[in-house]
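task: produce atomic coordinates for the following.
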Amino acid sequence: MLFINRKIRGFTLIELLVVMTIIGLLATVVLASLSNAQARARDARRVSDVNTLTKALALYLSMKDTYPVTGGTLPGVTINGSDTVSAQLASVSILQGQLVDPSDGQVINSETFHYRYYSLDGGNYTITYCLETNSIAGGAPGCSNAVVGKERD
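Numbering: from 1, shown residues only. Have a look, this model is predicted:
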């Protein structure tokens, strides 16, 4: 009998499966961290938008001696760019463009994401907004975050 000495070079099925499993696990970890980073970025934008809105309202107060009035009850008007508050701020050239939540109208963790503004009499206001993470100092995940402004003394 003649034995042929063949050396087959390559990977075994087990080696390929191990490598594919490791790559799959690494991909899962990377995607999870990217998702969390995106949520933190949306939260940072929300805080920036609320700060911009607060500054715009301070300018409006200095021009009109009152904040935009919504009347009614909390939670107030949803800020979406075509609402009455945005229109009042745009009418005096304070706020051009739209301040809209990056996840506007989406339901995340059973809460609908919007910016909301409320002022019963123009003497003070409340802005409520939602956060997805706890990455913002002084903020909490959910829609219980608020900024309250008062008329100057």
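
C-alpha only now, for contacts and for neighbours.
Will do.

in its sheet, what does the helix or strand of the chain with the lowest mean pLDDT sit against?
Among the helices and strands of the chain, strand 107-108 carries the lowest confidence by mean pLDDT, DSSP states H and E, at a mean of 86. Using DSSP bridges, the strands paired with strand 107-108 in its sheet are strand 111-112 (antiparallel).

quick one: mean pLDDT for the helix ranked longest in the chain?
Counting residues, the longest helix found in the chain (DSSP state H) is helix 13-64. For helix 13-64, mean pLDDT is 91.

how distant is that helix from the center of its chain?
A distance of 9 Å separates the C-alpha centroid of helix 13-64 from that of its chain, computed with Cα atoms, centre = their mean, to the nearest Å.

packing partners for the helix or strand just after it?
Later in the chain than helix 13-64, the nearest helix or strand by DSSP states H and E is strand 77-79. When contacts are defined as 3 or more Cα pairs under 8 Å, 6 or more residues apart in numbering; DSSP states H and E, strand 77-79 packs onto helix 84-91, strand 115-118.
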